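> Give me a model of this one.
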Amino acid sequence: MKRSTLILCFAVWFISLSAAYYIGSRTQNTPVESSRPALEQAVAGEPKAATPLVDEAFTTEEETALAAYLNGEEITLEEAMRDISTLSGEATRELLVQAFELPNSNPSRSRLIRELLGQLAETEPMAALKIASQIESLRDSERARVSVLEVWGRNDPAAAITWANNALEGEPARARSSQLSAIYRGYAANNPQAAFQQALAINDDNRLRNRLLGEVIETQIESGGIQAAKLAVDRLTDPDTQNTLRRELVDEWAEFDPTAAALYVVSLGEDAPSNLKTTLVSEWAESDPAAAAAWLSSLSEDDPAIGRASASIIKEWTRYDLAASAEWLNSLPASPELDRAVISYTFRAAEEDPGTAMTWAESIEDDRRRTWMMGRVASTWKEQDAESFKTYLDSSELTKEQREKLESAKPYRGGDWSRGRD
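All right, here's what the predicted structure looks like:
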């Protein structure tokens, strides 16, 4: 080969190699297009070109299940959301885009968006709030904001409360209270003592302060801090606030240990108001009405809590045992305060034994309530056994007017019962 030909071939090879290196370098340095504008478009509801489910550059093992779910594959929502807590902020944003693209008819859409926003709030709470505020459904938007704020309150309560004091100033009272409650729930999850003191320092809105304090107490008890919660409440000096929080404390406590909650109430002696006892019994009756009834019967006969709390016991007890609940109710001294309990029993008994129920209805002391409840029993009795109902009318000492009212009594319809008890 001639020397000139060899030089020419070498020059061509060198130029080709240089060109390939230049093209490869430009391709490698080209940045991946950010997905954030796409997310903002999706949140705002603006049209955009179809995009892959998740950019390959952001696909991780943790995203696989959720990406598969969003792709329509056969996988449950619980499985898909299992690893959301492991997602990075960028991966969370990518998946939020796809979650917003789900049709509104998808029952999992709002929950999935809420869970992803909660994860985004771990690192970018303000961005998560901004996205949540653009959700079209007002209900879903509020739920998402609450989820975000609870995370923010757990991670950085000082910043979350500062934001709330400024951003929520013009919000309606209900919305403001709901969002602040979320912050304090998160705050109490990590530092209930500090959260309690922070809420206690609110002086311009007693109702809001008590609600936030209640949230702290509830969160603290759920995490096993019942004794610390009790100590904090007992140290309060304002009697109204203390009574409100004691009711919250006892209500939560009685849900899992009513006997211990009852001992606490008894230990307060004269400082235990009637509404605190009623709160205890109402919660206790849901799990063990017989035990709640026995405790209530142990109180002094003139304790106003007996008349007020007995209705809660009867309401629950009659669901399981009409005979035992009737025997207990019959052991209590008759009084106008007991009318609610008698009405509750009569209402339940009317479906099983209208004849006995009518006897109870006749014992109600308040004239208006008695008349209404007898009419309620009569309407049921007529439908079940018209002949025995007529026998009752013929043997009773009712006046002509009373008899006509019972004969013309209309069937019970929903809310009438509650109005009749007032």
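
> Return the distance of the most centrally placed residue in the chain relative to L149.
Closest to where the C-alpha atoms of the chain average out (CA atoms, centre = their mean) is R143, at 10.6 Å. Separation of R143 from L149 (CB to CB, to the nearest Å): 11 Å. For every residue, glycine as well, the C-beta is placed using N, CA and C.

> Equivalent analysis for D367, please.
Taking CB to CB, one finds D367 at 52 Å from L149.

> neighbour count winner among these two?
Shown here are D367 and L149; by other CB atoms under 10 Å, L149 has more neighbours (29 against 8).

> Quick check: closest non-adjacent residue to that one.
Excluding the flanking residues, the one nearest L149 by CB to CB, 6 or more residues apart in numbering is A182, at 4.1 Å.

> which strands and helices sit next to the helix or strand harbouring the one you found?
Assigned by DSSP states H and E, A182 belongs to helix 173-190. If you count contacts as 3 or more CB pairs under 8 Å, 6 or more residues apart in numbering; DSSP states H and E, helix 173-190 packs onto helix 138-155, helix 157-167, helix 192-200, helix 206-222.

> Low-confidence ranges, the stretch 1-150 of the chain, go.
Low-confidence segments of the stretch 1-150 of the chain (pLDDT under 70): 1-63.

> same thing but at 50, please
1-2, 4-8, 10, 12, 17, 20-36, 38, 42-59, 62 (pLDDT under 50).

> Show the residue spans covered by the helices in it.
Ranges of helices in the stretch 1-150 of the chain, per DSSP state H, counting those that start in this stretch, are 3-29, 36-44, 64-70, 77-81, 89-101, 109-120, 125-132, 138-155.

> The closest residue to M126 other than its chain neighbours: neighbouring residues, count only.
Sequence neighbours aside, W163 is the residue nearest to M126 in space, at 7.8 Å (criterion: CB to CB, 6+ apart). Other residues lying near W163 total 18 when counted by other CB under 10 Å.

> Correct me if wrong: the residue nearest to L149 contacts R143.
No: counting by CB atoms under 8 Å, A182 does not reach R143; the two are 9.9 Å apart.

> what's S363 sitting at in phi/psi?
Here is the backbone geometry of S363 (degrees, to the nearest 10): phi -90, psi -10.

> Let me see the contact set for the nearest residue to it once chain neighbours are set aside.
Residue nearest to S363 in three dimensions, not counting chain neighbours: V342, with 6.2 Å by CB to CB, 6+ apart. Contacts for V342 (CB atoms under 8 Å, 6 or more residues apart in numbering) come out as 329, 360-361, 363-364.

> E352 too?
L322.

> Now do the same for it: its pLDDT.
Here, the pLDDT recorded for E352 equals 88.

> Please determine how far it is located from D321.
Separation of E352 from D321 (CB to CB): 11 Å.

> Next: S298.
According to CB to CB, S298 and D321 sit 20 Å apart.

> can you check A291 too?
13 Å.

> who has more neighbours, the two?
Set A291 next to D321 and count neighbours by other CB under 10 Å: A291 wins out with 16 against 13.

> Report the contact partners of the more buried one.
Here A291 is in contact with 258-259, 284 (CB under 8 Å, 6+ apart).

> can you do 7 Å?
W284 (CB atoms under 7 Å, 6 or more residues apart in numbering).

> got it, and the one 10 residues further on?
Residues near E301 by CB under 7 Å, 6+ apart: P333.

> In the stretch 201-350 of the chain, where is pLDDT below threshold?
For the stretch 201-350 of the chain (pLDDT under 50), the answer is none.

> now, which of the contacts of V342 lie within helices?
Within the contacts of V342, residues falling in helices by DSSP state H are 329, 360-361.
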